[in-house]
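**Student:** Let me see the structure of the following:
(2 chains)
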Amino acid sequence: MSFINYSSREINCKLVYYGPGLCGKTTNLHYIYAKTSPEAKGKMISLATETERTLFFDFLPLSLGEIRGFKTRFHLYTVPGQVFYDASRKLILKGVDGMVFVVDSQIERMEANIESLENLRTNLAEQGYDLDKLPYVIQYNKRDLPNIAPVEQLRDLLNPTRVPEFEASATTGVGVFDTLKAVAKAVLRELQRGSQQSG
Amino acid sequence: MAGPDVMFPEEQQQIAMVCQRLNRDANAKAVLLIGRDGQAIAEAGDVEDLDVTSLSSLTAGNVAATGGISKILREKDFTSQFHEGEKIHVHITLVGGRAILVVLFDERSSLGLVRLRVKRSSDEMTRIFDQVSNKAQSKAQPSILTEITDKDIDNLFND
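**Tutor:** From the prediction side, this is the model:
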């Protein structure tokens, strides 16, 4: 849930990167961290196992600039992708403003993608959210690898509602910022729309 | 509710004063107030060397994980936690189910004193949160969000 502080003139929002194990969620955050100027970012936190698999979450606070004198701050989170960390995964969704679903484009990971997307819908519903009503974008990651499914096929399977989608290679950075910008923009538009409806 | 979704200057000042008084009365090193989703709301005391943003996010994660444990044990909520360190101790409480109050203290204070002072401050903070909610719902305050235009949003992302 966004937090607007009229005292410090800040708009704070929470973005969550979701997807199957090893799809590149943490790699997205690492790339963003590496390419952002020091004044725009806070410390990146990774709660990971010894083998660098995400145990609880990764966290990266980011400032994207000012709107009407208010600083826009985005808190980026990833969830642990491995199936058995479902209890931890649910917790990260609390208060989410925008979702990125990171798809592993490799053919052999298709089932894992579908399972993770279903898991996302279930876990969001448990927290009282509907994925179709949240600002939400899809990233088809690992497009640089040889054994990948065509985007058309991924779209049919994973993006039936045709939300904004981006091809990416998080290790080289292709598509990483396009994805981030799209979801951040969608979140701000949703806030703007929500206030107009309730005003 | 994950946390307060808005904070106005008047209430921010009141909350800051409650934090400052708690910090003083409990002989604490620092006091932080955090939304349940990890947004820092207010702070007092010795915070210059603290990474408040990281601490807020990790504490919220910790509270969320503890909430998950309470659910499995069919307990309503564990409303407070205590981490005992060698030099620094951390007392964490839920305030009105909406925010997390963190008190950092050392050997100059004690868990008993911190608990006692936290109780009074929590009640005051809950009252202030109610005040903020009423204000936000009354539409007496113009919202920054209604002023934002599509162009403002586009401008933010122009390279």
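
**Student:** okay, now residue B:129: neighbour count?
**Tutor:** The local packing count at residue B:129 equals 22, with neighbours defined by other Cβ atoms under 10 Å in any protein chain shown. Where you see a C-beta, it was placed from the backbone N, CA and C, and this is true even at glycine.

**Student:** Now do the contacts for it.
**Tutor:** B:4, B:95, B:96, B:98, B:99 (Cβ atoms under 8 Å, 6 or more residues apart in numbering or on different chains).

**Student:** So which of those residues are in strands?
**Tutor:** B:95, B:99 (DSSP state E).

**Student:** quick one: terminal-to-terminal distance for stretch A:6-24?
**Tutor:** The first and final residues of stretch A:6-24 sit 36 Å from each other (Cα to Cα, to the nearest Å).

**Student:** Give the buried residues for the lengthiest helix in chain B.
**Tutor:** Scanning chain B for the longest helix, with DSSP state H as the assignment, gives helix B:111-138. Of the residues in helix B:111-138, those buried by neighbour count under the rule 16 or more other Cβ atoms under 10 Å in any protein chain shown are B:114, B:117, B:118, B:121, B:122, B:124, B:125, B:128, B:129, B:132, B:136.

**Student:** Which of the three states applies to the one residue in chain B that gets nearest to chain A?
**Tutor:** Of chain B, the residue with the smallest distance to chain A, taken as Cβ to the nearest Cβ, is residue B:37 at 2.9 Å. Following DSSP: H, G, I helix; E, B strand; the rest coil, the label given to residue B:37 is coil.

**Student:** so how far is residue B:155 from the nearest residue to residue B:107 once chain neighbours are set aside?
**Tutor:** Beyond its immediate neighbours in the sequence, the residue positioned closest to residue B:107 (Cβ to Cβ, 6 or more residues apart in numbering or on different chains) is residue B:87, lying 7.7 Å away. In this view, residue B:87 and residue B:155 are 48 Å apart by Cβ to Cβ, to the nearest Å.

**Student:** between the two, which one's more packed in?
**Tutor:** When residue B:87 and residue B:155 are compared on other Cβ under 10 Å, the one with more neighbours turns out to be residue B:155, at 12 against 7.

**Student:** roughly how far is the helix or strand just after the longest helix of chain B from the heart of the chain?
**Tutor:** From helix B:111-138 onward toward the C-terminus, using DSSP states H and E, the following helix or strand is helix B:144-147. Using Cα atoms, centre = their mean, to the nearest Å, we find the averaged C-alpha position of helix B:144-147 to lie 25 Å away from the chain's own average C-alpha position.

**Student:** All set now, cheers.
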